[in-house]
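> mind looking at a prediction? Sequence and model below.
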Amino acid sequence: MNKINSLEELRQIQLKAAKDISLRTIGEMPEHIIINISMGDSGIASGSKAVMNALLDAVDATGDAPISVIATDSFGFPFAEPMVSVHMPDKELVRYARVNADFAKEIVEKHVMQGIVLDGALTGNEVPKQ
């Protein structure tokens, strides 16, 4: 852990933490894009903490886009963890299985920001294959 050397440095850390928390707690609003990350036991064991951090970093890099990243329990497919779902206003739900940090960034950059559904996406009631 780094040593904090000034009050200003502490304020900057506080501002960043507050922004990270708000990205997780805005909740479902009609105009918001909601990204859910499975953070159940199997998700965490499969690396969803790193995926969550990558999602938060990628969303933070978009500026003030109306995007919320929310941790949820398992989607019910432990063999496909970590899973990410993207809920965009007036669009069909899209889920991604076996997401890693790099793929998480790509989901935000291409799917969320450009509307490009990526290869391997699951839509509607599709379930991942083992």
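Here it is on my side, so go on.
> in whichever helix or strand Ala71 is part of, what's buried?
Using DSSP states H and E, Ala71 sits within strand 67-72. Using 16 or more other C-beta atoms under 10 Å as the test for burial, strand 67-72 gives 67-71. Glycine gets a C-beta too; all of them are placed from N, C-alpha and C.
> okay, those residues in CSV with pLDDT and distance to Gly47 next?
Below are the buried residues of strand 67-72 laid out as CSV (pLDDT from 0 to 100; distance: C-beta to C-beta, whole Å):
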residue, pLDDT, distance to Gly47
Ile67, 90, 21
Ser68, 88, 21
Val69, 91, 16
Ile70, 91, 18
Ala71, 92, 14
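> if we can go back for a sec, the strand holding Ala71 pairs with which strands?
Partner strands for strand 67-72, per DSSP bridges, with pairing direction: strand 33-38 (parallel).
> how far is the strand it pairs with from where the chain is centred?
Relative to its chain's centre, strand 33-38 lies at 5 Å (C-alpha atoms, centre = their mean, to the nearest Å).
> could you dump the buried residues of strand 67-72 into CSV with distance to Gly115 added?
Listed next are the buried residues of strand 67-72 as CSV, based on distance: C-beta to C-beta, whole Å:
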residue, distance to Gly115
Ile67, 13
Ser68, 18
Val69, 18
Ile70, 21
Ala71, 24
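> nearest to Lys49 among the residues you listed?
Ala71 (9.6 Å; C-beta to C-beta).
> wait, what's in contact with the nearest residue to the closest one once chain neighbours are set aside?
Leaving out its chain neighbours, the residue that sits closest to Ala71 by C-beta to C-beta, 6 or more residues apart in numbering is Met39, at 4.1 Å. Neighbouring residues of Met39 by C-beta atoms under 8 Å, 6 or more residues apart in numbering: 48-49, 52, 71-73.
> which element is the residue lying closest to Ile4 once chain neighbours are set aside on?
Leaving aside its chain neighbours, Ile4 sits nearest to Leu10 (5.2 Å; criterion: C-beta to C-beta, 6+ apart). Using DSSP H and E, Leu10 sits in helix 7-25.
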